[in-house]
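In: no letters, just coordinates:
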C-alpha cells in the first residue's frame, strides 16, 4: 500500500525507547521468538498476598504460585501488535497507551491468584474516522484472549470521542457472537495473523 493510499499517511510515531517499560532495555533483552513474551505471560514471581509470612525463607519461587499481571504486563503483550496500514506497532502509533489499560480489581486487591480479573483496554485510533478500528480492536482482543490466563476477562473498546463511530465499533467488539463470526472470515483471519506476527 502506497503512502498516499493510507487514511493517515503521516501519523505520530514514537521510538521504541519512548515506549513505557519496566526498566527493560527493549527487544534486545528478549530470548528469541518463542520466548519473547513468556516472561510477561508467565511471570516467575511469588504471589505476595495472603502468605501469612514476610520471611524470604518462606517464599519459594519454584512453588508455582505467580504474581498477578499488572497494566504494564498487558501493555507489553499488546503494544507489539503491528498496525494493518503502517509498518509500525500499535504502541509506536499510540493506539495502545499504558494509562488506557485498567484492571479490575487491581493486582494489589486480588484475594488469590485465580480471582476473576477484568482487563479493559481503551484504544485511540490515529484518526477519528479509521475504517480499520474494528480490525485493530479484534487483534488486541485476540492477543489477550490467546495469552491471558482463563480467569481474565477482556473488554476492548475505542476511547470515548476518539472515533466518530465509537459506539458502533464498541458494540461490535463487545458482542461475542459478532467477534466469533468475524474470526471465521478467512481474509480477516489472515490480516489478524499478520498483525500478530510481531508478538511471537
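Out: Structure received. Note that the structure is a prediction, hence the values are computed from the model and not measured.

In: from now on I want contacts and neighbour counts done on CA atoms only, so please keep to that.
Out: Will do.

In: as a check, name the ranges of all strands in this structure.
Out: 101-104, 117-123, 152-158 (DSSP state E).

In: do you know which of those lies nearest residue 111?
Out: strand 117-123 (11.1 Å; Cα to Cα).

In: ok, residues contacting the closest one?
Out: Under the contact criterion Cα atoms under 8 Å, 6 or more residues apart in numbering, strand 117-123 has outside partners 95-97, 100-105, 137, 151-159.

In: apart from its neighbours in sequence, what residue is nearest the residue positioned nearest the centre of the chain?
Out: Centroid-nearest residue in the chain, with Cα atoms, centre = their mean: residue 78, separated by 2.9 Å. Closest residue to residue 78 apart from its sequence neighbours, by Cα to Cα, 6 or more residues apart in numbering: residue 140 at 6.1 Å.

In: what is the neighbour count of that neighbour?
Out: Using other Cα atoms under 10 Å, residue 140 has 27 neighbouring residues.

In: my guess is residue 95 contacts residue 126, does it?
Out: Yes: using Cα atoms under 8 Å, residue 95 makes contact with residue 126 at a distance of 6.5 Å.

In: tell me what the longest helix anywhere in the chain is packed against?
Out: Longest helix in the chain by number of residues (criterion: DSSP state H): helix 133-147. On a contact count with 3 or more Cα pairs under 8 Å, 6 or more residues apart in numbering; DSSP states H and E, helix 133-147 meets helix 71-78, strand 152-158, helix 166-174, helix 186-196.

In: again, only using 7 Å
Out: If contacts are counted by 3 or more Cα pairs under 7 Å, 6 or more residues apart in numbering; DSSP states H and E, helix 133-147 sits against strand 152-158, helix 166-174.

In: roughly how far out does the longest one sit from the chain middle?
Out: Helix 166-174 sits 18 Å away from the centroid of its parent chain (Cα atoms, centre = their mean, to the nearest Å).
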